[in-house]
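Peer 1: predicted coordinates and the sequence they were generated for:
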Protein chains: 2
Amino acid sequence: MINIGIIGFGTVGTGTAKILLKNRSLLKDRTGIDINLRRIADIDIKRGRGIKLPKGILTTDAEEIINDPDIHIIVELIGGTTIAREFILKAIKNGKHIVTANKALLATYGNEIFGNAQKANVEIGFEASVAGGIPIIKVIREGLVANRIKAVYGIINGTTNYILTKMTEEKVEFAEVLKEAQRLGYAEADPTYDIEGIDSAHKLAILASLSYGSRFSIKDVYREGISWISPMDIEFARELGYKLKLLAIAKETDNKVELRVHPTMIPEEYLISKVDGVYNAIYVEGDAVGSTLYYGRGAGDMPTGSAVVSDIVDIARNIVNKSIGRIPGMSKSAKMKNLMKMDDVLSMYYFRFSALDKPGVLSKISGILGKYNISIASVIQKGRHERRAVPLVVLTHKAREKDVVRAVREINRLPIVAGKTVFIRVEGKE
Amino acid sequence: MINIGIIGFGTVGTGTAKILLKNRSLLKDRTGIDINLRRIADIDIKRGRGIKLPKGILTTDAEEIINDPDIHIIVELIGGTTIAREFILKAIKNGKHIVTANKALLATYGNEIFGNAQKANVEIGFEASVAGGIPIIKVIREGLVANRIKAVYGIINGTTNYILTKMTEEKVEFAEVLKEAQRLGYAEADPTYDIEGIDSAHKLAILASLSYGSRFSIKDVYREGISWISPMDIEFARELGYKLKLLAIAKETDNKVELRVHPTMIPEEYLISKVDGVYNAIYVEGDAVGSTLYYGRGAGDMPTGSAVVSDIVDIARNIVNKSIGRIPGMSKSAKMKNLMKMDDVLSMYYFRFSALDKPGVLSKISGILGKYNISIASVIQKGRHERRAVPLVVLTHKAREKDVVRAVREINRLPIVAGKTVFIRVEGKE
């Protein structure tokens, strides 16, 4: 019998407990192992969670779990990078295996945690830290192990995907949709982590570390949020045949890895651009397998609980078979890939200039773009107004980020340009 | 060092060899294990395959590999259910672990092969047997292990998906597209296995056995092919908001499992209905994870090779960690699920009646449908012609297969009905 202790009895903790109790005999049938939920710790053990627990299972003292000699695997579901880190380090010291959904912790203190775990010969399961119920960690680390990973493109934050989907379908402003999302519980009271792309960046650091056998941290990820996106740009994107998504991108080019999270225009015929609402999807391209995509719910009690329990089973199998460390926590080789500077990233771009409707405007703007080696693929000019600025939309071929930033700075200083230029990166075939 | 022998140097054998040679050091970095391609057997070792092999690796004698005491894992890529079966059984007897892409063999002799392997304490890897590069076996058996699987819906045959996609896009007849597919190498000279759904049924038997912890065989799968599909039905489907796909369906209802492969109309807004061309996708619904989908190439040298090598790595890890049998070949419990008879299956239906355009026709037909408890959801009647039959299209609510078959038999006997009624099952929300 393998004993489990859960620390943190919130949404995911409840889902995990439900699955462990409800599917215990199914899991035993499938694995031959009896997985026993022994203890759950939380500061609040009074609140009802719609689940009937065996007596005496709850405690307010996490240390009781961390120090219980009979517990094999500790599931950390508190979140955050302070107490969670302390608990995990202490549990590792006590020889406990760890399962966690804590992307912030792994993307910030991954080196320390994986390092300590390796020394103590315990395992860290973190399937639940990225894309909820989608078993993307297992897919990348095991299912696609034969492949050099060329690129990973992920919609890995449900809140922002919900907001962008609503903005697209209903043509309303960001602030309005955010409010609705908060009311429905799809966005937190303080939505910063989600809408500024921090959550996606945490997850990308983990996915990229696995894909490239390196240890990337949140600091390595270039990041833009979605709060500045206007329905007008979504509408122009649609006219040009694109959907707007917050995409987390990891890509290897010339032996360097680029890591970035930002609003991205994706050709509307791509499967990933059809992933709407709170759903997540990750597109993975391997040198052998080619294009693959994985889709499902990125959050929620039961989907994330499904990922937690799959980690528990994996570790339980290793305990029973005495094969702890069978799959290294991160790549066994410490070969670090070099990070590509954002300045050097190549991408296509969408520009929306606020230009006065005067003769010669396009020629001035395209002149500056040309000076910086940015070549134009198409142009849309909408509406005419002699006094006010009108939007001038330009799609480019591949250009270098550094050049784009400089060109935009120069264009923004032109007297015929009335407002700050909007630019959004574009994916797809040139 | 783990030594590999490949038997069968065709498309997938070549892809596997390419990956093992090209990514050997990558695999060593990732796993800490040196995986060495030691021998390849094929009846034809003269033909060039666009790959540079180490000297002395090729042989025409498979026995040399089966009896080589230094080979740990034998990869069977001959296909078929005769010689392949003999070789595999002999190799198992010699204590070799097996990796195979042979769905026909596993769906027919699965009991014998898994049984012998268990007795001999060797592993059978078969990721490559279903959906090529998509790691769906691993996903179901490990990634979603926490879930009771409610349903699996798969587009798991690239040839038929290519043909149906072309028929949809170009509105041409089946026979014409088949010819083109054969010319392009997407369909075999004898396309029976693909177009009659046999290949899909083999794969479904494997997926269902994993999902439901039973051992289903090809005989348990109800099956219809696509050769009788006409562009007219695809066009009506489109008008009604559906795409037509050859779907492999495994579903648990009232503790019984239904297994069927047939042309199916799917709501066009479902992600799986956007899977076109030779691509495969499998939708899996679990009680905890909810809806998930996995997409990629279902065939080809490198994608299928990717799956073969992931099995090799899994087994190599178990050899090195002395954890053979860590994951049972099929569920450890022998609890068999009952199969639902096709007669008892509930589905929505699309009917196309060839009815004479006379007053009272709809009333007669709907009268018979009503008699068999089949209730109509919508009706389309196209064109008018006093002498010739015109298509009368009816979509139904959920009805029982047995009733549908009887109703159609009775309707086909009506004097006002001029031809055989076409009926196609429909998925989606009622």
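Peer 2: That came through, no problem.

Peer 1: what is the mean pLDDT for stretch A:275-284?
Peer 2: For stretch A:275-284, the mean per-residue pLDDT is 97.

Peer 1: list the contacts of it.
Peer 2: A:131-132, A:134, A:136, A:139-140, A:144, A:149, A:151-159, A:161-162, A:165, A:186, A:207, A:211, A:245, A:271-272, A:291-299, B:271 (CB atoms under 8 Å, 6 or more residues apart in numbering or on different chains). Any C-beta I mention is one placed from the backbone N, CA and C, and that applies to glycine too.

Peer 1: report the distance from it to the chain centre.
Peer 2: Mean-position distance between stretch A:275-284 and its chain equals 10 Å (CA atoms, centre = their mean, to the nearest Å).

Peer 1: buried stuff in it?
Peer 2: A:Val275, A:Asp276, A:Val278, A:Tyr279, A:Asn280, A:Ala281, A:Ile282, A:Tyr283, A:Val284 (16 or more other CB atoms under 10 Å in any protein chain shown).

Peer 1: of the residues you listed, closest to A:Ile312?
Peer 2: Nearest to A:Ile312 among the buried residues of stretch A:275-284: A:Asn280, at 21.5 Å, using CB to CB.

Peer 1: doesn't that closest one fall inside a strand?
Peer 2: Yes - assessed by DSSP: H, G, I helix; E, B strand; the rest coil, A:Asn280 belongs to a strand.

Peer 1: distance check, it against A:Thr31.
Peer 2: Remark: distance between A:Asn280 and A:Thr31 (CB to CB, to the nearest Å) = 27 Å.

Peer 1: residue numbers of the stretch 151-300 of chain A in contact with chain B?
Peer 2: The stretch 151-300 of chain A comes close to chain B at residues A:213, A:271, A:274-275, A:286-297, A:300, as judged by CB under 8 Å from any CB of the partner chain.

Peer 1: and the residue nearest to the spatial centre of chain A, which of the three is it?
Peer 2: With distances taken as CA atoms, centre = their mean, A:Ser200 lies nearest the centre of chain A, 3.2 Å away. Following three-state DSSP, the label given to A:Ser200 is helix.

Peer 1: and it, what pLDDT?
Peer 2: For A:Ser200, the predicted pLDDT is 98.

Peer 1: okay, now the domains of chain A?
Peer 2: A:2-132+A:301-320, A:136-297, A:343-426 (automatic domain parsing).

Peer 1: so who does A:Ser291 touch?
Peer 2: With CB under 8 Å, 6+ apart, A:Ser291 has these contacts: A:Tyr283, A:Glu285, B:Tyr295, B:Gly296, B:Arg297.

Peer 1: hmm, who's touching stretch A:141-149?
Peer 2: A:140, A:210-212, A:250, A:252, A:284-289, A:292, A:327, B:19, B:23, B:26-27, B:30-31, B:127, B:135, B:138-139, B:142, B:305-306, B:308-310, B:313-314.

Peer 1: among those, which are in helices?
Peer 2: A:210-212, B:19, B:26-27, B:30-31, B:138, B:305-306, B:308-310, B:313-314 (DSSP state H).

Peer 1: contacts only, for A:Val393.
Peer 2: A:Val393 touches A:Phe236, A:Leu240, A:Tyr350, A:Phe351, A:Arg352, A:Phe353, A:Val379, A:Ile380, A:Gln381, A:Lys382, counting by CB under 8 Å, 6+ apart.

Peer 1: anything in stretch A:418-430 near chain B?
Peer 2: No - using CB under 8 Å from any CB, stretch A:418-430 stays clear of chain B, with a minimum separation of 15.9 Å.

Peer 1: check A:Ser333 and give its pLDDT.
Peer 2: 50.
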